[in-house]
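[1] Here is a sequence together with a model predicted from it:
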2 protein chains.
Amino acid sequence: MAVTVVKIGGNVIDNAEALERFVKDFAELPSPKILIHGGGKLATALSTKLGIETHMIDGRRITDKETLDVVTMVYAGLVNKNIVAKLQREGCNAIGLSGADADVIPAARRSPHPVDYGYVGDINASQVNVDVLKMLLLAGITPVFCALTHDGKGSMLNSNADSVASAVAVAATALGEVDLVFCLELAGVMLDIDNPDSMISEIDESSYTRLRNDGVITKGMIPKIDNAFKAIHQGVSRVIIKHAENLVRDIGTIIH
Amino acid sequence: MAVTVVKIGGNVIDNAEALERFVKDFAELPSPKILIHGGGKLATALSTKLGIETHMIDGRRITDKETLDVVTMVYAGLVNKNIVAKLQREGCNAIGLSGADADVIPAARRSPHPVDYGYVGDINASQVNVDVLKMLLLAGITPVFCALTHDGKGSMLNSNADSVASAVAVAATALGEVDLVFCLELAGVMLDIDNPDSMISEIDESSYTRLRNDGVITKGMIPKIDNAFKAIHQGVSRVIIKHAENLVRDIGTIIH
């Protein structure tokens, strides 16, 4: 079976209108398909309301026990179940999962040396339980993952949503061709960020090297495209970077 | 297959030590099995911290939108995923679900007349999606339900955990013999609440009528036993009322 894996982030989750539109579009996408969602700003908002201090080291957030509880509430509870209920309304038989559920995504808690980031889980795509994904997809059920995993020792872990999406996509290659779609706030990778007509329709490794050397692809886009090629080297057919609004349209940058 | 359905409430969920013990015992129970958990006091504690007022009518809580969000966070997020992660640690391949997930438990929002209880869902056992339960149980996966359902129109609903347990148990009778275990703070139904040695080991309908007429079974126990007989009339083999500490022991009241 050919599987589509879609990842959405805060720009969809935090915007009620964008989320409504996305849910309708995602329900329309042909199955089998898998959704991975980030958490958006709701977890930070809840932490603030609860007076939980955010601890950062070198600009990166520390997931202490209190923060783990907040993200478990917001990502696996509020955000995940609201998306599932909306998808059900649209006739998409969604099932909301964390990586702990049916042990689909075990993770290793990141080493506390040199920096202890707390309850953060690193994922190895080879450990994703693809049999459970296969069973659900063959039954016509659409998995919807939040970016939480578990350590197998009784604790949930906070993981990076892009990494969850990549790992799930790589694991799904055992079932057939996989397209991995990252929904960003951009229509795709742009030659000139100020020119909306300058989207690059396709990137392969030779054009990527050139674009990076020419300074066209910079900053935050570099790790995203590096991750895309990493997924492709592990068997994913295409990584597509597009705006969530264009989910069901052929507008976006295809990395292959 | 013979299925065991176990329901736990606040006395287990709110007590870290009792929960640890329960998780170990539940993991030991022979499969196939299904767990249903209530929410405990965490939702009320979170509402209080967030300054959300609790609205009551005739002593019953109203689930307004803010309260629905809180219970979705606490029941489907924090409580459900922590139980699942702990069961995974014990080698029990648990999957945490709300009724929205895979549309397992659709519900009807309760009529706003004469009293509008808000986002509260009433369940009809005949609408429980037993095919999904069967698929999971046959795969060696143990469903762990929180007491949330959905209306099929995009909204989660708050449901009574005892009702979820009964509906799931009745639906599971399509798969074989079902035992439904309600874990209470009591060892079972007592002849004399002040005498711990006075537990009634078995109740059938004729002894129930007698015990109720004699004033032995009163107050809060009456709806519980009425519900037990209702489940039995719908095909459940036995309803067992016991203390969570005795989960893996033959100590409790058997209603048949």
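    Nice, I can see it. Residues are numbered from 1 along each chain as shown, chains lettered A, B, ... in the order given.
[2] Alongside chain B, which residues does the stretch 151-256 of chain A contribute?
    Counting by C-beta under 8 Å from any C-beta of the partner chain, the positions of the stretch 151-256 of chain A adjacent to chain B are A:Asp151, A:Gly152, A:Lys153, A:Gly154, A:Ser155, A:Met156. C-beta here means a position set from N, CA and C on the backbone, and glycine is covered the same way.
[3] show me what contacts the nearest residue to A:Ile254 once chain neighbours are set aside?
    Excluding the flanking residues, the one nearest A:Ile254 by C-beta to C-beta, 6 or more residues apart in numbering or on different chains is A:Glu202, at 5.0 Å. Residues in contact with A:Glu202 (C-beta atoms under 8 Å, 6 or more residues apart in numbering or on different chains) are A:Thr253, A:Ile254, A:Ile255, A:His256.
[4] Just the buried ones from the residues you listed, in PyMOL syntax?
    The PyMOL selection below is limited to those of the contacts of A:Glu202 classed as buried (16 or more other C-beta atoms under 10 Å in any protein chain shown):
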select buried, chain A and resi 253+254+255
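[5] from the contacts of A:Glu202, which ones fall inside helices?
    Counting by DSSP state H, these place none of their members in helices.
[6] Same list, the contacts of A:Glu202, but as TSV with pLDDT please.
    Output for these, formatted as TSV (pLDDT from 0 to 100):
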residue	pLDDT
A:Thr253	97
A:Ile254	98
A:Ile255	97
A:His256	93
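[7] residue in the stretch 1-150 of chain A nearest to chain B?
    Using C-beta to the nearest C-beta, the closest approach of the stretch 1-150 of chain A to chain B is made by A:Gly77 at 2.4 Å.
[8] hmm, back to that, and the residues of the stretch 151-256 of chain A next to chain B, which is closest to chain B?
    Out of those, the member with the shortest distance to chain B (by C-beta to the nearest C-beta) is A:Gly154, at 3.8 Å.
[9] Work out for me the element the closest one sits within.
    Using DSSP states H and E, A:Gly154 sits in no helix or strand.
[10] got a list of what it touches?
    B:Ala85, B:Lys86, B:Gln88, B:Arg89.
[11] can you tell me which of these are up against chain A?
    B:Ala85, B:Lys86, B:Gln88, B:Arg89.
[12] Now do the contacts for the third one.
    Shown here is B:Gln88, whose contacts under the criterion C-beta under 8 Å, 6+ apart are A:Ala100, A:Asp103, A:His150, A:Gly152, A:Gly154, B:Ala94.
[13] same question, A:Lys230
    A:Lys230 touches A:Ser166, counting by C-beta under 8 Å, 6+ apart.
[14] residue ranges for the strands of chain A, please.
    Counting by DSSP state E, the segments of chain A that form strands are A:3-8, A:33-37, A:56-57, A:60-61, A:94-97, A:107-109, A:121-123, A:142-146, A:148-150, A:156-158, A:178-184, A:202-203, A:238-243, A:253-255.
[15] The residue lying closest to A:Asp151 once chain neighbours are set aside: neighbouring residues, count only.
    Spatial nearest neighbour of A:Asp151, chain neighbours left out: A:Arg109 (5.1 Å); criterion: C-beta to C-beta, 6+ apart. Counted by other C-beta atoms under 10 Å in any protein chain shown, the residues lying close to A:Arg109 total 19.
[16] what sits against A:Arg109?
    So A:Arg109 contacts A:Tyr119, A:Val120, A:Gly121, A:Asp122, A:Asp151, A:Ser155, A:Leu157 (C-beta under 8 Å, 6+ apart).
[17] thinking the fifth one is in contact with A:Ala107, fair?
    By that I understand A:Asp151. Yes - using C-beta atoms under 8 Å, A:Asp151 makes contact with A:Ala107 at a distance of 6.5 Å.
[18] Looking at these two, which is more packed in?
    Using other C-beta under 10 Å as the criterion, A:Asp151 and A:Ala107 rank with A:Ala107 on top: 25 against 19.
[19] List the contacts of that one.
    Contacts of A:Ala107 (C-beta under 8 Å, 6+ apart): A:Gly99, A:Gly121, A:Asp122, A:Ile123, A:Asn124, A:Thr149, A:His150, A:Asp151, A:Leu157, A:Ser159.
[20] now do 10 Å
    A:99-100, A:120-124, A:127, A:148-152, A:156-159, A:163-164, A:167 (C-beta atoms under 10 Å, 6 or more residues apart in numbering or on different chains).
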